[in-house]
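Q: Compute the structure for the input listed below.
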Amino acid sequence: MTRSRTPALPMRPHRRFIRLFTLAIAGLLLALRLDAQTDSSSRPRTAWIAAGSRQTLPAEMVFENALGRLGVLNVSGPIDTAGHPFFEAIGSNARACVTCHQPANAMSVSVESIRERWRATQGRDPIFAAIDGSNNPSLPQDAASSHSLLLNRGLFRVGMPWPPRGITPEFTIELVRDPTGVNRDPIYGLTSATPTVSVFRRPRVVANLKYVTSPDGLFNVTLGVLMDKDPDTGLPSSMNIMADARAASLSVQAQSAYHDHQGGQGPLPRAQLERILAFENQVYVAQAWDARGGSLIEPNGPAALGPANVARHEVHVLNGPKTPGFHFFDMWLQRSGAPDPQAEFRASVARGNDIFLNRRFWVKDVAHINSIGLANPAKRTCVVCHNAQTSGMDLAPGWVDLGTTNFPTWTESPVWSESSDLPVFKLTCRAAAPPHPFLGRRIYTSDPGRALVTGHCADIGAITMGQFRGLAARAPYFANGSAKDLRELVDYYDRRFDMRLSGQEKQDLINFLGVL
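A: Down below sits the predicted model:
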């Protein structure tokens, strides 16, 4: 049922000034707090917030990670988690939203924190719930091997109905390898009473959401079709919320998570839903201190850095000469004559930003990039696809096949290898359907991606681009968790697109990504 809403009034200039001033003060207070934390040796790297912990979260939080410290900003002020539906178990399996969206991990999870939780609870934490926190609900749930994809890659099982409801797919699906056994399982598999394709994916970041949920006009410009509509408002949806773009709004996503991940029954009560969305829409995360670069939120520093800057910037700003993707780092290029490790690191970050913006390379065989009228190959830069200022997402929206899940460019071992821990599917496009634009009619994949929603051959392996924030706090990377660190992420792109980056250029990119 469509809900009518009172249109928002334009923000008056003095109210806008007060808001920006408040965010600036919040950023300054966070900087002071960080500067006061000079001895971090006695503090744990992660700080797990369990469902039902009933604590009050301050407006500004700081969490250790491998590269420095993450800043988390609640712009609405301190959050009392007691009775709050984001932080309380409201389904049947003792999970809350926070179980899989931890503030310490940039409102996602990291393998480090998951493994720590396994050790601390002997595998009894609700994050390891059988339905999606294990490789297969039919396996013995007290064994770490039954949760290997979560423990080693940070992946949760996503069960998708097959075929998609109301759609006749353009392709058939066959199993080549099923190391977890779930796709052949008589209860959960492809031939069960409710045929299901199980793939494994990382959870998205539930923060900085104004950049994620705001659509760029009425059309998906890469496909020339209308955006989905938010069922509550009737307005266009950004289609960037989930990896396969299947949720048209945050409320749809929250309802789905309540049923699929928390074991909820019936609809999520509207009052609880609105409290969840209110929290999600006010939280901002970004790295705030670097072990080598020092404070990332100094006055007159780069405008891209720190959660307060993320909170204050505008959405719908595309990369351009005057509005680069992550603003300017020119002030970090200035170095004194004497050796200065901090200044050297900051200069490396600035060079990495320049590579991200300006280094041109040949983009080849990418569905929904090279197949939409651009040349193949086309000489482009990273920011052509990661074009939304401040977030690094694609405003298109952009689900593309970068090759991480489709053979032969995927990140996995060969198709017939016994060492792969992900499923391998063979998808065969029907004779009457158009083939995949670059892989033909027979595609091997570990995750069909958007194609499990649309049934289109052209969408096989395509997923939406995630945001770049808090990368240091939430390793591993890619939707399939195949890059264990930023080095492996950069190496993949260098190999995939023959970028021919030097060792120093790779390190500059790694340093740049690590401070965002």
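Q: low-confidence ranges in this structure?
A: 1-46, 335-336 (pLDDT under 70).
Q: And the residue nearest the centre of it?
A: Compute the mean C-alpha point of the chain, and by Cα atoms, centre = their mean the closest residue is Arg204, 3.7 Å away.
Q: Could you look up the SS state of it?
A: Assigned by DSSP: H, G, I helix; E, B strand; the rest coil, the conformation of Arg204 is coil.
Q: same thing with Lys426?
A: Using three-state DSSP, the structure places Lys426 in strand.
Q: In this structure Val221 contacts Ala396, no?
A: Yes: the criterion here is Cβ atoms under 8 Å, and Val221 meets it with Ala396 at 5.4 Å. The way it works is simple: take the backbone N, C-alpha and C, and place the C-beta from them, glycine included.
Q: who has more neighbours, the two?
A: Ala396 (25 against 16; other Cβ atoms under 10 Å).
Q: Next up, the contacts around the more buried one.
A: Neighbour list for Ala396: Asp216, Asn220, Val221, Thr222 [criterion: Cβ atoms under 8 Å, 6 or more residues apart in numbering].
Q: Using the three-state scheme, assign Val285.
A: With three-state DSSP as the basis, Val285 sits in strand.
Q: To what extent is it buried, counted in neighbours?
A: 30.
Q: Tell me who's in contact with it.
A: Contacts for Val285 (Cβ under 8 Å, 6+ apart) come out as 70-73, 103, 106-107, 205, 207-208, 307, 310, 469-470, 473.
Q: Tally up the residues packed near Gln334, please.
A: Gln334: 10 surrounding residues under other Cβ under 10 Å.
Q: Work out for me the element the residue lying closest to Phe478 once chain neighbours are set aside sits within.
A: Among residues not flanking Phe478 along the chain, Thr404 sits closest, at 5.0 Å (Cβ to Cβ, 6 or more residues apart in numbering). Under the assignment given by DSSP states H and E, Thr404 is not contained in any helix or strand.
Q: Quick check: Thr404 touching Thr411?
A: Yes: counting by Cβ under 8 Å, Thr404 does reach Thr411; the two are 5.2 Å apart.
Q: my guess is Val98 meets Phe86, correct?
A: Yes: counting by Cβ under 8 Å, Val98 touches Phe86, with 6.0 Å between them.
Q: show me where the stretch 301-450 of the chain has strands.
A: In the stretch 301-450 of the chain, the strands defined using DSSP state E, counting those that start in this stretch lie at 361-363, 378-380, 399-400, 424-429, 442-445.
Q: re earlier: more neighbours, Thr404 and Thr411?
A: Per other Cβ under 10 Å, whichever of Thr404 and Thr411 has more neighbours is Thr404, with 23 against 18.
Q: could you measure that one against Asp494, distance?
A: Distance of Thr404 to Asp494, given as Cβ to Cβ, to the nearest Å: 14 Å.
Q: got the phi/psi numbers for Ser198?
A: Dihedral pair for Ser198: phi -100, psi 120, per degrees, to the nearest 10.
Q: my bad, should have said Phe468
A: phi -90, psi 0.
Q: which residue sits closest to it, ignoring its sequence neighbours?
A: Spatial nearest neighbour of Phe468, excluding adjacent residues (Cβ to Cβ, 6+ apart): Gly392 at 3.5 Å.
Q: wait, isn't the one you found in contact with Phe512?
A: No: with contact defined as Cβ under 8 Å, Gly392 does not reach Phe512; the gap is 10.8 Å.
Q: could you pull out the helices for the stretch 201-350 of the chain?
A: Here the stretch 201-350 of the chain has its helices, by DSSP state H, counting those that start in this stretch, at 210-213, 250-260, 270-280, 307-312, 341-358.
Q: Minimum distance to Ala130: which of these has it?
A: With Cβ to Cβ, the closest approach to Ala130 among the helices of the stretch 201-350 of the chain belongs to helix 250-260: 13.0 Å.
Q: who touches the closest one?
A: Contacts of helix 250-260 (Cβ under 8 Å, 6+ apart): 90-91, 97, 131-132, 159, 209, 213, 230-232, 241-242, 247, 264, 267-268, 273, 276-277, 280-281.
Q: Give me the angle between that helix and helix 270-280.
A: Inter-element angle recorded for helix 250-260 and helix 270-280: 110 degrees (by axes from the mean of the first three to the mean of the last three Cα atoms, to 10 degrees).
Q: Convert helix 250-260 to PDB, retaining C-alpha atoms only.
A: The C-alpha trace of helix 250-260 is given here as PDB (Å, rounded to 0.1, in the frame of the first residue of the first chain):
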ATOM      1  CA  LEU A 250      15.700   0.100   2.100                       C
ATOM      2  CA  SER A 251      12.300  -0.900   3.500                       C
ATOM      3  CA  VAL A 252      12.100  -3.800   1.100                       C
ATOM      4  CA  GLN A 253      15.700  -4.900   2.000                       C
ATOM      5  CA  ALA A 254      14.900  -4.700   5.700                       C
ATOM      6  CA  GLN A 255      11.700  -6.800   5.400                       C
ATOM      7  CA  SER A 256      13.700  -9.300   3.300                       C
ATOM      8  CA  ALA A 257      16.500  -9.400   5.900                       C
ATOM      9  CA  TYR A 258      14.000  -9.900   8.700                       C
ATOM     10  CA  HIS A 259      12.500 -13.000   7.000                       C
ATOM     11  CA  ASP A 260      15.600 -14.500   5.300                       C
END
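Q: So what's the gap between that helix and the chain middle?
A: Once both centres are worked out by Cα atoms, centre = their mean, to the nearest Å, helix 250-260 turns out to sit 17 Å from its chain's centre.
Q: Pull out the buried residues from it.
A: Neighbour-count burial for helix 250-260, with 16 or more other Cβ atoms under 10 Å as criterion, is recorded at Leu250, Ser251, Val252, Gln253, Ala254, Gln255, Ala257, Tyr258, Asp260.
Q: Next, format the residues you listed as CSV and append distance to Glu174.
A: Below are the buried residues of helix 250-260 laid out as CSV (distance: Cβ to Cβ, whole Å):
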residue, distance to Glu174
Leu250, 35
Ser251, 36
Val252, 31
Gln253, 30
Ala254, 34
Gln255, 32
Ala257, 30
Tyr258, 33
Asp260, 25
